[in-house]
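Visitor: Return atomic coordinates for the entry below.
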Amino acid sequence: MADGIVKLMLYLARAIFIFLGGVAGYQVVRIAVLQEWWPKGAFHFSFIPFFFGVLLFALIGYLITPFFVRLLGFIALSFEKNLETLSWHDISVALAGLIAGLIVANLAALPFADLPVVGSYMAVLLNVVLGYLGATLFLKRKEEIHGMWSSIGGLKQRFSIRGKRTKESGDNNLTELAIEPGNERPAVKLLDTSVIIDGRILEIAATGFLEGPFILPRFILNELQAIADSSDPTRRTKGRRGLDIINELRQLSEVTVQILEVTLKDFDVGSVDEGLVALAKEINAKVITTDYNLNKIAQIQGVSVLNVNELANAMKPTLLPGESITVDVLREGKEPQQGVGYLDDGTMIVVENGEDYIGKRVEVVVTSMLQTSAGRMVFGRIRKEVRP
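Guide: Sure, this is the predicted structure:
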């Protein structure tokens, strides 16, 4: 089927080029006759020169058709490949720059319109050069232009997010979340891949402590699906757990989970973390995560972050200096003579002079604690060895 269409297009192109070549040959012979480029003779007013001229140029059109078709296909493929790396925002900015450049080019070409011979060529040259410069300049300044459009035209007066209703509503139609400017808008929260796989967000949401809709960007959902399809069993298990968490979140009546149809190309970024930060800045949302690095990057760029690890650390009962705990020393620490163990909740215990007790259970007296957004560390010294 496809081969037949290609052949048909080739036959059509050849027919067009044969016709255009014949017309060109007729015009060339006509000009030659009128200008008397050859001496008057038997063929001066005969149809024979026209016949051979039309035949010659039609043959030339027939022969150059395959080369023209290949060139056209190469240009189309190059154009399509370049468009794949551009978002709709970039294309619209480039078109605006092209239009602006063409307007300036035509205004600049007006003084040259009456010049003989070179007037029309000057207009074409100005259109090509200034059109290209306009598109290139607008693309390089796309962020400033987008900001100017937003401030002048009020493009951000209303930002709509579309997603599916929860299954409890019994309605599969798309809902619309309107984010209005001002202080009374809903507290929109973006879900990161790490917090979905972690799973504690489900329990937090079920308690009702988090208000406002949860937004799940399409690129986060795609990343979860890629993890779930991984050949690594551990990653595959995490990905499937994340998908299960999303389904359970959508069953809750306390919150609404909506899927936002955006991709990384829409923000011209190369990573999921960059896309989350860019989207959060665009809609002024908060990011829920357990990723320490994403937490820092978002804060640097002025994006509010809700770190589940920080919440968990704040809710943990505090160990006071002087209290005793029992821990298994599992490995050596970073500093000499240190040993490291862990509590049941994953808290790291750094034991002074615990290197000689690796593989043993000891009673440790807490000396100090270090609380960070990445977790909590407890420091202590050995009181005695605990016999199993």
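Visitor: Break down the stretch 151-300 of the chain into its helices, ranges please.
Guide: Remark: helices assigned in the stretch 151-300 of the chain by DSSP state H, counting those that start in this stretch are 193-198, 200-207, 218-228, 233-251, 272-283, 292-300.
Visitor: orientation of the fifth one relative to helix 218-228 in degrees?
Guide: Spelled out, it's helix 272-283. Here the directions of helix 272-283 and helix 218-228 differ by 160 degrees (axes from the mean of the first three to the mean of the last three C-alpha atoms, to 10 degrees).
Visitor: what's the offset of helix 272-283 from the middle of its chain?
Guide: The chain centroid and the centroid of helix 272-283 are separated by 10 Å under C-alpha atoms, centre = their mean, to the nearest Å.
Visitor: Tell me which other helices or strands it touches.
Guide: Contacts defined by 3 or more C-beta pairs under 8 Å, 6 or more residues apart in numbering; DSSP states H and E place helix 272-283 against strand 159-164, strand 189-191, strand 214-217, helix 218-228, strand 286-289, helix 292-300. Where you see a C-beta, it was placed from the backbone N, CA and C, and this is true even at glycine.
Visitor: ok, residues contacting it?
Guide: Outside helix 272-283, the residues that touch it by C-beta atoms under 8 Å, 6 or more residues apart in numbering are 159, 161, 179, 188, 190, 192-193, 215, 217, 219-220, 223, 260, 262, 264, 267, 269, 285-287, 291, 293-294, 297-298, 301-304.
Visitor: Just the buried ones among those, please.
Guide: Buried members of the contacts of helix 272-283, scored by 16 or more other C-beta atoms under 10 Å, are 159, 161, 179, 188, 190, 192-193, 215, 217, 219-220, 223, 260, 262, 264, 267, 269, 285-287, 291, 294, 297-298, 303.
Visitor: Including distance to residue 308 and mean pLDDT, could the helices and strands packed on helix 272-283 go into CSV?
Guide: Putting the helices and strands packed on helix 272-283 into CSV (distance: least, C-beta to C-beta, whole Å; pLDDT from 0 to 100) gives the following:
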stretch, distance to residue 308, mean pLDDT
strand 159-164, 22, 41
strand 189-191, 11, 89
strand 214-217, 13, 88
helix 218-228, 16, 90
strand 286-289, 7, 90
helix 292-300, 10, 88
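Visitor: Would you format the ones you listed as TSV with distance to residue 31 included?
Guide: Converted to TSV, the helices and strands packed on helix 272-283 look like this (distance: least, C-beta to C-beta, whole Å):
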stretch	distance to residue 31
strand 159-164	62
strand 189-191	70
strand 214-217	64
helix 218-228	62
strand 286-289	72
helix 292-300	70
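Visitor: which ones are touching the residue nearest the centre of the chain?
Guide: Centroid-nearest residue in the chain, with C-alpha atoms, centre = their mean: residue 264, separated by 1.0 Å. Each residue near residue 264 by C-beta under 8 Å, 6+ apart is listed here: 219, 270-272, 274-275.
Visitor: closest to residue 68 out of the helices of the stretch 151-300 of the chain?
Guide: Nearest of the helices of the stretch 151-300 of the chain to residue 68, taken as C-beta to C-beta: helix 218-228 at 40.8 Å.
Visitor: got the buried residues for that closest one?
Guide: Those would be 219-221, 223-224, 227-228, for helix 218-228 by 16+ other C-beta under 10 Å.
Visitor: Next, the angle from that helix to helix 233-251.
Guide: Using the same axes, to 10 degrees: helix 218-228 against helix 233-251 is 140 degrees.
Visitor: Just the C-alpha atoms of helix 218-228, please, in CSV.
Guide: Extracted in CSV, the C-alpha atoms of helix 218-228 (Å, rounded to 0.1, in the frame of the first residue of the first chain):
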residue,chain,number,x,y,z
ARG,A,218,2.3,12.8,33.0
PHE,A,219,6.1,12.6,33.0
ILE,A,220,6.1,11.3,36.6
LEU,A,221,3.5,8.7,35.6
ASN,A,222,5.7,7.7,32.6
GLU,A,223,8.8,7.4,34.9
LEU,A,224,6.8,5.1,37.3
GLN,A,225,5.7,3.0,34.4
ALA,A,226,9.3,2.7,33.1
ILE,A,227,10.5,1.6,36.6
ALA,A,228,7.7,-0.9,36.8
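Visitor: thinking again about what came up before, with respect to residue 202, which of the buried residues of helix 218-228 is nearest?
Guide: Closest to residue 202 out of the buried residues of helix 218-228 is residue 224 (14.5 Å), distances taken as C-beta to C-beta.
Visitor: What pLDDT is listed against residue 359?
Guide: Listed pLDDT for residue 359 reads 87.
Visitor: One more: residue 175?
Guide: Reading off the model, residue 175 has pLDDT 39.
Visitor: same deal with residue 181?
Guide: pLDDT recorded at residue 181 is 43.
Visitor: swap in the one 4 residues further on?
Guide: Here, the pLDDT recorded for residue 185 equals 51.
Visitor: again with residue 122
Guide: So, for residue 122, pLDDT stands at 78.
Visitor: pretty sure it is touching residue 112, no?
Guide: Yes. If you go by C-beta atoms under 8 Å, residue 122 and residue 112 touch, sitting 4.3 Å apart.
Visitor: The lengthiest helix in the chain: how far from the chain's middle?
Guide: When every helix of the chain is counted residue by residue (DSSP state H), the longest turns out to be helix 48-84. Put simply, helix 48-84 sits 38 Å off its chain's centre (C-alpha atoms, centre = their mean).
Visitor: Just list what that helix packs against, helices and strands only.
Guide: helix 2-35.
Visitor: Can you point out the buried residues in the helix it packs on?
Guide: In helix 2-35, counting by 16+ other C-beta under 10 Å, buried: 13-14, 17-18, 21-22, 24-26, 28-29, 33.
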